[in-house]
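> 3D model of this:
(one chain, ligands or ions: 1)
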Amino acid sequence: MSLSAFLEQLEQLATEGREAFSKAVDQDAVEKARVKYLGAKKGLLKEVQKQLGKVPAEAKREAGQRFNQLKQDLQGALEKAAESLKGDGEAPANTKGAPPGLPDITLPGRRLRLGRLHPITQTIEELKDIMGRLGFSVADGPEIEDEWHNFEALNIPESHPARDPLENFYLGTAQVGQKDLLLRSQTSTVQIRVMEQQPPPVRIISLGRVYRPDTADATHYPMFHQIEALLVDKQVTMADLKSVLRLFARSYFGGDVHIRFRPSFFPFTEPSVEVDMSWGDRWIEMGGAGMVDPHVLSSVGYDPEEVTGFAFGLGVERICARRHGVRDIREFYRNDLRFLRQF
Ligand code: PHE
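Residues are numbered from 1 along each chain as shown. Below you'll find the predicted structure:
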């Protein structure tokens, strides 16, 4: 065998062998390539080595050197392949591991934590739903209000204690002689906004934030939510008010809720009542209500001889707290996920 024939054979084998090691995807494939090319008994390199004896004597030295060089090369390729796959193939024999680089879909999944709506938002959605079924549509108004909508149109004159700066968040934006703006202290503002916009009949609710400079405690917070309802039509009576409140409370609490009216006073309703609800063994004060004062009806251009109406305004935090047994409404605003995740 000529030197060139021997070298050609040798080079080709080396090329194949290097490729086999670099393409090996796991330790198994590396081992197979090792046996095939570098195997001590039947390895292909061993076969080529046998041919070395047939090479002419004067070419033996060169042929032998090249052979040793390529054998070392292949051994290097083997070690490199084995090293780069270290850590693979160590899975216990009874699991079906994924090929390297791909996720192992046989592993147990990692559970994602789902977010959820804030309990007050959930309550608002539910209240809209219940009142929607009773025929009330949703109206909206701004949280920054003027004194007309927050007070005057609601029959609360300049001298009334409800307008005291200590009872309200005035924004202090007014020039001398102008009316100031304030963060609305009640959603009754929306009653006026709706009646200014449309003739009777009216059947709306409005849900949103209101602001009062109260010190936070278990039942107060300087910002809270109200649900306001207004129904104006021919021959609306106090009995309608009580029926609607009772249906509403029963739908929300899902049990036999009783409604109690206590005489009260609001400048924009006459007569006025405090609304208590009993569910279980206690009466809870939920807000105010009454028959829309004729002055309010005329201030928006309605004829009090033609139509009458009722209105109520309840605290959403209290309603939600009552249903879920929350004893301190400050919990709603502490942003403690352990609390919020329960809803
Ligand atoms: N706006 C009153 C409050 O904030 C509640 C109320 C609403 C009373 C509607 C009567 C009618 O306390």
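
> so which strand or helix has Phe261?
Per DSSP states H and E, Phe261 falls inside strand 258-266.

> just Ile227 next, same as before
Taking DSSP H and E as the definition, Ile227 sits inside strand 223-233.

> Next: Ile284.
Assigned by DSSP H and E, Ile284 falls within strand 283-292.

> got the angle between that strand and strand 258-266?
60 degrees (axes from the mean of the first three to the mean of the last three CA atoms, to 10 degrees).

> Now strand 283-292: buried residues?
Judged by neighbour count (16 or more other CB atoms under 10 Å), strand 283-292 contains these buried residues: Ile284, Met286, Gly287, Gly288, Ala289, Gly290, Met291, Val292. Just so you know, the C-beta spots here come from the backbone N, C-alpha and C atoms, and that holds for glycine as well.

> I'd like the residues you listed laid out as JSON lines, including pLDDT and distance to Gln226.
JSON lines is the format used below for the buried residues of strand 283-292 (pLDDT from 0 to 100; distance: CB to CB, whole Å):
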{"residue": "Ile284", "pLDDT": "85", "distance to Gln226": "16"}
{"residue": "Met286", "pLDDT": "91", "distance to Gln226": "10"}
{"residue": "Gly287", "pLDDT": "95", "distance to Gln226": "7"}
{"residue": "Gly288", "pLDDT": "97", "distance to Gln226": "10"}
{"residue": "Ala289", "pLDDT": "98", "distance to Gln226": "12"}
{"residue": "Gly290", "pLDDT": "98", "distance to Gln226": "15"}
{"residue": "Met291", "pLDDT": "98", "distance to Gln226": "19"}
{"residue": "Val292", "pLDDT": "98", "distance to Gln226": "17"}
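
> near the ligand, which residues of the stretch 151-300 of the chain show up?
Gln186, Ser188, Glu228, Phe266, Thr269, Gly287, Gly288, Ala289, Gly290 (CB under 6 Å from any ligand atom).

> Hmm, Leu314 and the second one touching each other?
No - between Ser188 and Leu314 there is no contact, the gap being 11.9 Å when judged by CB atoms under 8 Å.

> related to what we said a few turns ago, can you list the helices and strands that the strand holding Ile284 packs against?
Counting by 3 or more CB pairs under 8 Å, 6 or more residues apart in numbering; DSSP states H and E, the packing neighbours recorded for strand 283-292 are strand 223-233, helix 238-253, strand 258-266, strand 269-278, strand 308-315, helix 316-324.

> Any idea which of these gets closest to Leu70?
Smallest distance to Leu70 across those (CB to CB): 78.6 Å, for helix 316-324.

> contact partners of that closest one?
119-120, 123-124, 127, 207, 219, 221, 224-227, 252-253, 277, 279, 284-287, 326-327, 329, 332, 342-343 (CB atoms under 8 Å, 6 or more residues apart in numbering).

> Of all pairs in the buried residues of strand 283-292, which one spans the longest distance?
Spatial extent of those (CB to CB) is set by the pair Ile284 and Val292 at 24.8 Å.

> Okay, buried residues for the strand holding Ile227 please.
The neighbour-count check on strand 223-233 (16+ other CB under 10 Å) flags Phe224, His225, Gln226, Ile227, Glu228, Ala229, Leu230, Leu231, Val232 as buried.

> packing partners for that strand?
Strand 223-233 is packed against helix 119-133, helix 188-197, strand 202-211, helix 238-253, strand 283-292, strand 308-315, helix 316-324, with contacts defined by 3+ CB pairs under 8 Å, 6+ apart.

> What strands line up against it, and which way round?
strand 202-211 (antiparallel), strand 308-315 (antiparallel) (DSSP bridges).

> out of the ones you listed, deepest packed?
Counting by mean count of other CB atoms under 10 Å, strand 308-315 has the highest mean neighbour count of these, with a mean of 24.

> Next, the angle from it to helix 119-133.
What separates the directions of strand 308-315 and helix 119-133 is an angle of 160 degrees, with the same axes, to 10 degrees.

> Between helix 316-324 and strand 308-315, find me the angle.
Using the same axes, to 10 degrees, strand 308-315 lies at 70 degrees relative to helix 316-324.

> So that it lines up with my notes, have the first residue be 69 from now on.
Sure, I'll start numbering at 69, so the last one becomes strand 376-383.

> secondary structure class for the spatially most central residue of the chain?
The centroid of the chain falls nearest to Gly183 when counting by CA atoms, centre = their mean (3.8 Å). Secondary structure state of Gly183, per DSSP: H, G, I helix; E, B strand; the rest coil, is coil.

> Other residues contacting the helix or strand just after the strand holding Ile352?
Per DSSP H and E, the first helix or strand lying C-terminal to strand 351-360 is helix 362-367. Helix 362-367 has contacts (CB under 8 Å, 6+ apart) with 220-223, 259-260, 263, 300, 336, 338, 371-372, 375, 377.

> Buried subset of those as a PyMOL selection?
In PyMOL syntax, the buried subset of the contacts of helix 362-367 is picked out as below (16+ other CB under 10 Å):
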select buried, resi 220+221+222+223+259+260+263+300+336+375+377
